[in-house]
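Participant: this one's sequence-less:
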């Protein structure tokens, strides 16, 4: 049985025609199912668990990158097959997964090409992140795999952990260096801030560390933005959750 | 250039900068304008930036590029590259290496070790192939696997020949 989780923003009139077309296509394929509209304060994990009890086999996220991140940040703990129907702007994850926007995404869903994905896990908060985790410049200490510590000459450092969305490092005259989600490790990009400019902050060249476990700590609370959701923390432990979620992807996926 | 036009350009730049100042910082870590170093390997997996200090034993399954300071042992089965101005304050074990920075510790390389003119190595070197550029500073014992084997075989042979000559006499 298919369960569709619609984001709140899809109520807008401009998405009406797309939603109708998608629903017709899903009915044609015989994969139409229960529709649940997510509100701002609904806990997706509770909904998913409830639906699994009622026999749900596939949970399809309908919306954009924010919806995707919001549902899977908690919902990744559930063992169910996930699907994604991207609608509207801010849909960069879909292209990584090889899923086209709008109606044609139904074709991908019906083909059921399943792939297990590695995702990031903030273990001390029991939260998952799918695409990216960002810590704005702050006085942070980073310890990798309980083996080595990284500190900057300048106190403030910015940290980006990439997972699903590839990070492209373009290099002159050579092929770009792309971070892939399926390489069995997470990639951390650490950028020390060298000073404040008049209009823009100055940064040093970034460092790259692949890791399986990383601890970020500070005496002062620092901001953690995981898949667009911000929280204040004093210590986080980031781990790699190998093959945590099973997802329906397109043939033209970028990994 | 007429005065009014000049002022309007300056005014435009000021407005643009003020607008940028109040914008939320975007988590972009792109280094698109980064100049490419000739020693940079094709698939870099770990990069220690120029102002970064790594404390502790540091190992990677992929290539390692050091531009900053590492106080601890470094280990990789692939290529280890240290850039000019970098420091490694412990031993290095790698599949192959290109050294342009300072290393205070032993260097053990399975295959080819390239020491450039700006390199300073204080410690013993163990490798298969050694390339040293003019100007490099080395302080320590250099052991090369192939030479050692050939040398030891020659010594044995010469010993046998000597014995045979003595017996004939």
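Facilitator: Looks like it arrived, so ask away. Everything numeric in this text was worked out from a predicted model, so none of it was measured. Numbers count the residues shown, from 1 in each chain, chains lettered A, B, ... in the order given.
Participant: you'd agree residue A:62 is in a helix?
Facilitator: No - judged by DSSP: H, G, I helix; E, B strand; the rest coil, residue A:62 forms no part of a helix; its state is strand.
Participant: what's across from it in the sheet?
Facilitator: residue A:6, residue A:85 (DSSP bridges).
Participant: count of neighbours near residue A:219?
Facilitator: Neighbourhood size, residue A:219 [other CB atoms under 10 Å in any protein chain shown]: 9. Glycine gets a C-beta too; all of them are placed from N, C-alpha and C.
Participant: per-residue pLDDT of it, please?
Facilitator: With respect to pLDDT, residue A:219 has a value of 89.
Participant: tell me the contacts of the nearest residue to it once chain neighbours are set aside?
Facilitator: Distances taken as CB to CB, 6 or more residues apart in numbering or on different chains put residue A:139 closest to residue A:219, at 7.1 Å, once the chain neighbours are dropped. When contacts are counted by CB atoms under 8 Å, 6 or more residues apart in numbering or on different chains, residue A:139 touches A:155-156, A:218-220, A:222.
Participant: for residue A:81, grab the count of nearby residues.
Facilitator: Residue A:81 has 16 neighbours, counted by other CB under 10 Å.
Participant: list the contacts for it?
Facilitator: By CB under 8 Å, 6+ apart, the contact set of residue A:81 is A:57-59, A:112, A:114, A:246-248.
Participant: would you show me how to pick out the buried ones of those in ChimeraX?
Facilitator: This is how ChimeraX selects the buried members of the contacts of residue A:81, with burial counted by 16 or more other CB atoms under 10 Å in any protein chain shown:
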select /A:58,59,247,248
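Participant: could the contacts of residue A:81 go into a markdown table alongside secondary structure?
Facilitator: Putting those into a markdown table (three-state DSSP) gives the following:
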| residue | secondary structure |
| --- | --- |
| A:57 | coil |
| A:58 | strand |
| A:59 | strand |
| A:112 | coil |
| A:114 | strand |
| A:246 | strand |
| A:247 | strand |
| A:248 | strand |
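Participant: farthest pair in the contacts of residue A:139?
Facilitator: For the contacts of residue A:139, the maximum inter-member distance is 13.4 Å, found between A:156 and A:219 (CB to CB).
Participant: low pLDDT regions in chain B?
Facilitator: Scanning chain B for pLDDT under 70 picks out the ranges B:1-4, B:19-44, B:146-169.
Participant: excluding chain neighbours, what is closest to the residue in chain B positioned nearest to chain A?
Facilitator: Nearest residue of chain B to chain A (CB to the nearest CB) works out as residue B:56 at 3.2 Å. Closest residue in space to residue B:56, ignoring its immediate chain neighbours: residue A:148 at 3.2 Å, by CB to CB, 6+ apart.
Participant: surely the one you found touches residue B:57?
Facilitator: Yes - Residue A:148 lies in contact with residue B:57 (CB atoms under 8 Å); the separation is 6.3 Å.
Participant: these two: who's more crowded?
Facilitator: For residue A:148 versus residue B:57, neighbours defined as other CB under 10 Å are more numerous around residue A:148 (20 against 15).
Participant: and that one, what does it touch?
Facilitator: B:54-58, B:72.
Participant: just residue B:102 next, same as before
Facilitator: If you count contacts by CB under 8 Å, 6+ apart, then residue B:102 has B:86-88, B:119-122 around it.
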